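# Next comes the sequence, and after it the predicted model I'd like to discuss.
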Amino acid sequence: MFCRSCGAQNKDDATFCQSCGAPLSSGGGESAGTAGAVRPAKKPNIVLIGAAAIVVAVAVLLFVLLGGRSEKDVVKKLVNGVTKGNAKSIVALVPDKVIEEVCDMQDVTKKELTEDLDDELDDLLDDINDMYDKWKVTYKITDTDDYSNKELKRLKESYDDNYDVKVKDAKKLSVKLTLEADGDKEKTTVTVPVIKVGGSWYLDFANFDMPFYW
């Protein structure tokens, strides 16, 4: 065995060099060339990376194709919320920043605001239940009006100044409500204003009155 340091020849079973005293490598251990070698980094799992990329791509595609809540969804949830006395679902139709500002102005919490609206809905439904034994409400969107450029500009400025909400678009939906009760039908048409914030449509709560009365 030759010493890697000085080149002197040593016995095959020697541990140290007889000439310079440097340690000699043995056949069973790590060689001097590999003892301090850096092990290659573990390769990434290509399958997991591919699966994650597919999930992200599908999510983006669904958002592009379906978008957020539509203006028709707003009307549907509004009517269902009123007729079923579900104030929470109606409050969810309003941008969070608007709810926060309303709560600050009225010095109430979101929970208290929702409870107050629940009480109003309960009174409305109690009146209808007192008048009729059986009843149901159906609706149909009959028309959709776009805001004029001037109206939209004024609305955007109002939401930006008062609520720090960036409105992208706004519409007014004409909704025909039909109350079927005890074999009779009563119809009324209401206007539901909606605004687009981000990718979803919301109820224009600042300009909406609850006209669900017959």
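Received, thanks.
# Poorly predicted segments of this structure, please.
For the chain, applying pLDDT under 70 flags the ranges 25-67, 210-214.
# And the helices in it?
Assigned by DSSP state H, the chain shows helices spanning 46-66, 71-83, 87-91, 96-106, 110-131, 149-163.
# buried residues in the second one?
Of the residues in helix 71-83, those buried under the neighbour-count criterion (16 or more other C-beta atoms under 10 Å) are 71, 74-75, 77-79, 81-83. Where you see a C-beta, it was placed from the backbone N, CA and C, and this is true even at glycine.
# Could you do the longest one as well?
By neighbour count with 16+ other C-beta under 10 Å, helix 110-131 contains the buried residues 113-114, 117-118, 121, 124-125, 128.
# And the last one, by the same measure?
Judged by neighbour count (16+ other C-beta under 10 Å), helix 149-163 contains these buried residues: 152, 155-156, 159, 163.
# so can I have TSV of these showing distance to Cys17?
As requested, these are exported to TSV (distance: C-beta to C-beta, whole Å):
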residue	distance to Cys17
Leu152	90
Leu155	90
Lys156	86
Tyr159	85
Tyr163	83
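# Out of those residues, the closest to Lys187 would be?
Leu155 (29.1 Å; C-beta to C-beta).
# Let me know whether the closest one touches Lys168 as I believe.
No - with contact defined as C-beta atoms under 8 Å, Leu155 does not reach Lys168; the gap is 10.9 Å.
# Now the common contact residues for these two.
The contact sets of Leu155 and Lys168 do not overlap (C-beta atoms under 8 Å, 6 or more residues apart in numbering).
# distance of Asp160 from Lys168?
Distance of Asp160 to Lys168, computed by C-beta to C-beta, to the nearest Å: 12 Å.
# my read: Asp182 touches Tyr132, true?
Yes - here Asp182 reaches Tyr132: they are 5.2 Å apart, a contact under C-beta under 8 Å.
# between these two, who's got more neighbours?
Neighbour tally, Asp182 and Tyr132, criterion other C-beta atoms under 10 Å: the higher count belongs to Tyr132, 15 against 9.
# which residues does that one contact?
Neighbouring residues of Tyr132 by C-beta under 8 Å, 6+ apart: 181-182.
# if we can go back for a sec, of all the buried residues of helix 71-83, which comes closest to Lys11?
Lys77 (90.4 Å).
# Look at the closest residue to Asn162 other than its chain neighbours and say how many residues are nearby.
With sequence-adjacent residues excluded and distances taken as C-beta to C-beta, 6 or more residues apart in numbering, Asn162 is closest to Glu101, at 6.7 Å. A count of nearby residues for Glu101, using other C-beta under 10 Å, gives 16.
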